[in-house]
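Trainee: how would this look folded up:
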Amino acid sequence: MFFLPRRRKSTKAYDYKTEPNKTRLIKMKVLGVIPARYGSTRFPGKALADINGKPMIQWCYESSLKSKLIDKLIVATDDKRIFDAVKRFGGEVVMTSRKHRSGTDRIAEAAKKFKCDIVVNIQGDEPFIDYRIIDKAIDALKKDRTVQVSTAARKITDKKEINNPNNVKVVFDDEFRALYFSRSAIPFNRDSLKNVSYYKHYGLYVYRKNYLMKITKMPESRLEKTEKLEQLRVLENGGKIKIVLTNKDSISIDTSEDLKGVKKWLS
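Mentor: Alright, predicted model coming up:
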């Protein structure tokens, strides 16, 4: 079904230019997938880590379920313990291979089981992700047919985050299309200019399903291997990634120390 969208005013987060390929919206089926493996290197079994009486995967599932644009939400796992935990709290879950090297490969296997046009990769270690960030990223991909992937970022306000290699930074053009992602501080402020902005990337990805299947068949790219960032495979192979901006922060749990911090924050 085709329909003409209402005109919108520009937002602070991002602005869509008026282009012919953005004037019509098509109803697209959206599948949300939360990849969750048990064998995390830094925090084994973190998907089942207890947070105020609920496993972390349940917090992530319930936060994502608030999305107004996801038609179906599933967890994709390689472990029966996680599978059973999701079933217990009433979530939908599918088993996937243990051989996958990345969450992208895992969600691609899961997505093959469902009819959909768009696939959302939601990180299972971000239990309090704001559904509005998810919906902005989905909306961006629906409206700009020239891009294959969308993701999110926020402006860095704490200078300590800029040089932290665990915080991935992104630079983008005037159309909010990613130019590069790096663990280094980009852009490099050679002349110590004032008011230089840095943006932290969220580990959230929205793919066109056919493109997701395509990139999982590509070999690791040169820059991807160097930075250990999968999204660089898209850029190196000529793909376009749309960036949506948000002022919301997201708490990622990568270690047991992170978990202690979250519990303290909740209390």
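
Trainee: what about residue 214, helix or strand, and which?
Mentor: Taking DSSP states H and E as the definition, residue 214 sits inside helix 209-215.

Trainee: So for that helix, mean pLDDT?
Mentor: The average pLDDT for helix 209-215 rounds to 96.

Trainee: any idea how far that helix is from the chain center?
Mentor: Put simply, helix 209-215 sits 16 Å off its chain's centre (C-alpha atoms, centre = their mean, to the nearest Å).

Trainee: Next, the buried residues of it.
Mentor: For helix 209-215, the buried set under the neighbour-count rule, 16 or more other C-beta atoms under 10 Å, comprises 209, 211, 212, 214, 215. Heads up, the C-betas are built off the backbone N, CA and C, glycines and all.

Trainee: Next, the buried residues of stretch 161-179.
Mentor: Under the neighbour-count criterion of 16+ other C-beta under 10 Å, stretch 161-179 has 162, 167, 168, 169, 170, 171, 172, 175, 176, 177, 178 buried.

Trainee: quick one: contacts of it?
Mentor: 14-15, 17, 140, 147, 151, 153, 156, 180-187, 198-201, 203, 229, 231, 235, 240-245, 254 (C-beta atoms under 8 Å, 6 or more residues apart in numbering).

Trainee: Go through those residues and flag which are in strands.
Mentor: Mapping these onto strands (DSSP state E) picks out 151, 153, 180-182, 199-201, 203, 241-245.

Trainee: and the residue nearest to residue 222 when sequence neighbours are not counted, how many residues sit next to it?
Mentor: In space, residue 222 comes closest to residue 236 once its chain neighbours are excluded; the distance is 6.8 Å by C-beta to C-beta, 6 or more residues apart in numbering. By other C-beta atoms under 10 Å, the residues close to residue 236 number 14.

Trainee: What residue in the protein is the furthest from its centre?
Mentor: residue 191 (33.2 Å; C-alpha atoms, centre = their mean).

Trainee: Phi first, then psi, for it.
Mentor: phi -100, psi 20 (degrees, to the nearest 10).

Trainee: in the chain, which spans are helices?
Mentor: 56-64, 80-88, 103-111, 131-143, 159-162, 209-215, 222-227, 231-236, 256-266 (DSSP state H).

Trainee: least reliable of the ones you listed going by mean pLDDT?
Mentor: Lowest mean pLDDT within these: helix 256-266, at a mean of 75.

Trainee: got the angle for that helix vs helix 56-64?
Mentor: With axes from the mean of the first three to the mean of the last three C-alpha atoms, to 10 degrees applied, the angle from helix 256-266 to helix 56-64 works out at 50 degrees.

Trainee: rewinding a little: now the buried residues of stretch 161-179 in CSV, with distance to residue 119?
Mentor: Converted to CSV, the buried residues of stretch 161-179 look like this (distance: C-beta to C-beta, whole Å):
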residue, distance to residue 119
162, 31
167, 25
168, 21
169, 25
170, 21
171, 25
172, 22
175, 23
176, 21
177, 20
178, 18
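
Trainee: for these, which one is nearest residue 71?
Mentor: Residue 71 lies nearest to residue 176 out of the buried residues of stretch 161-179, by C-beta to C-beta, at 25.1 Å.

Trainee: How much space separates the closest one from residue 259?
Mentor: Residue 176 sits 34 Å away from residue 259, going by C-beta to C-beta, to the nearest Å.

Trainee: Then residue 244?
Mentor: Distance, residue 244 to residue 259, by C-beta to C-beta: 28 Å.

Trainee: what about these two, which has more around it?
Mentor: Taking neighbours as other C-beta under 10 Å, residue 244 and residue 259 compare with residue 244 leading, 24 against 19.

Trainee: beta partners for that one?
Mentor: With DSSP bridges applied, residue 244 shows beta-bridge pairing to residue 152.
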